[in-house]
Structure formats: structure tokens, C-alpha cells
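Trainee: Here is the input, now give the coordinates:
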Amino acid sequence: MKIFRKVAISLAALMMVLGVSAGFQATEVAAAPSKTPQAAYKTYMTRYIYDRLARENNGKYNYLNLDKKGATELFVKYTENGKSVYKVYTYRVKDKKDKITLLGTFKNANSMSVKGTTLRVSRKVGTTTVTTYYKKSALKLLKQNEYEKRANGACYKNGKRISVKLYNEKVVAEEDEYANVFAGAKKVR
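Mentor: A predicted model of the protein is given here:
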């Protein structure tokens, strides 16, 4: 009985380690670099995304160049437990191998849009709508500003209370200036 328990605990620990490590660091995709980031992303999706997302969770993807220089980014959208999850990946070649790096995961997201080099993510946290603006810097998405609109009508920018008028000017009025990242997205197959 003790041996079974030790094996079960070891197996559970191994599963946790493998599950956690797969999402945090860059993943090597091929022995030699692909000719384009899109080719590397397709290989990555075939190995890591298709089976898990496509059949069960309505996975969609699109490519955009978020920082307007370097490689395009891969944007993936799928449903998990009835709520949307968005992921952003970037590509680079390191040590003559393709590297796909997860830049960010956004759970319970309502929308993801882009204007120029700014990524805008809107999501629900309880009854609060949180809209966050990001810029890409190297292998990170850097938070620029975060706006909140709470159920009681209170509005905040970066944790400091602001007027509803200012919130409407900065968040609501600018919404139409941003293009939906997933407009024209392809289904993950």
C-alpha cells in the first residue's frame, strides 16, 4: 500500500511539473529554423494546440505583428469552461532553432483588439470590467494602463479612482479605434 501511495504521489508530482513547465518558457519546435514564423507556428499548433483545442474548444488563431518590427505574433482564442481564453505567442530563432514563447494568457476575456502597437484586452473579473493596454517589448507584454469599471459605477485607472467621464473618454470612446485581433481568424483544425 505504501509503494502504491509513493508511486501515485510521484506520478502526480511529475504531471504537475510537466504541466507547469510546458507553458512558461520557450518551446523548441524544429531542428532547423523554419523559413517563416507562420511555418513555425503551424508546427507548434500541430504539436501542442490542435488536439487540445480544436475539437473540443472552438479554437481560432490569427497572426499580427504587434510591435511592427521583427516576427509576427500568433494569437489564439478558445473556450474553456464556457469562458474565452486568449493567448499570445511570439517567435524567434535561437541556437539555430525555432523558439515559440508564450507572451500572455488572458482568461475570461471579452475582447482583444489592436491599434498601432498597442494591444487592448478587456475581461471580466467578477462584476468588474477590466480593460488593460499592453505594448510588446522583446519577449514580454508590458502593461501600460489598466482601467476598471465596477458594478457600483466607480471607475479606476491604475488603481486610482477617476471620473466616469474620464473613463468614457479613455476606454469607451476609443473602443471603435481598435481593430479586433480575431477578425478573419482561422479555425484551429
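Trainee: Helices of this protein, start to end?
Mentor: For the chain, the helices defined by DSSP state H cover 2-24, 37-44, 55-57, 164-167.
Trainee: Which elements pack onto the second one?
Mentor: Read that as helix 37-44. Packing contacts for helix 37-44, counted by 3 or more Cβ pairs under 8 Å, 6 or more residues apart in numbering; DSSP states H and E, involve strand 60-64, strand 73-80, strand 83-94, strand 97-107. Yep, even glycine has a C-beta here, placed from its N, CA and C like the rest.
Trainee: Show me what the third one pairs with in its sheet, parallel or antiparallel.
Mentor: According to DSSP bridges, strand 83-94 forms sheet pairs with strand 73-80 (antiparallel), strand 97-107 (antiparallel).
Trainee: Met112: what's its closest spatial neighbour, skipping adjacent residues?
Mentor: Leaving aside its sequence neighbours, Met112 sits nearest to Val181 (Cβ to Cβ, 6 or more residues apart in numbering; 4.5 Å).
Trainee: Hmm, Lys124 is touching Ser111, no?
Mentor: No: contact between Lys124 and Ser111 fails when scored by Cβ atoms under 8 Å: they sit 10.9 Å apart.
Trainee: Give me the neighbour count for Gly159.
Mentor: 7 (other Cβ atoms under 10 Å).
Trainee: can you pull the contacts of it?
Mentor: Glu146 (Cβ atoms under 8 Å, 6 or more residues apart in numbering).
Trainee: gap between it and Tyr134?
Mentor: For Gly159, the distance to Tyr134 (Cβ to Cβ, to the nearest Å) stands at 17 Å.
Trainee: just Ser122 next, same as before
Mentor: Counting by Cβ to Cβ - Ser122 and Tyr134 are separated by 12 Å.
Trainee: And the two? Which one has more around it.
Mentor: Tyr134 (24 against 18).
Trainee: what's across from that one in the sheet?
Mentor: Assigned bridge partners for Tyr134, using DSSP bridges, are Leu119, Lys143.
Trainee: Residue numbering should commence at 352 henceforth.
Mentor: With the count now opening at 352, the last piece we talked about shows up as Tyr485.
Trainee: OK, contacts around it?
Mentor: Counted by Cβ under 8 Å, 6+ apart, Tyr485 has contacts Gly455, Thr469, Leu470, Arg471, Val472, Leu492, Leu493, Lys494, Gln495.
Trainee: The fourth one and Ala460 touch, don't they?
Mentor: No: using Cβ under 8 Å, Arg471 is not in contact with Ala460, being 10.8 Å away.
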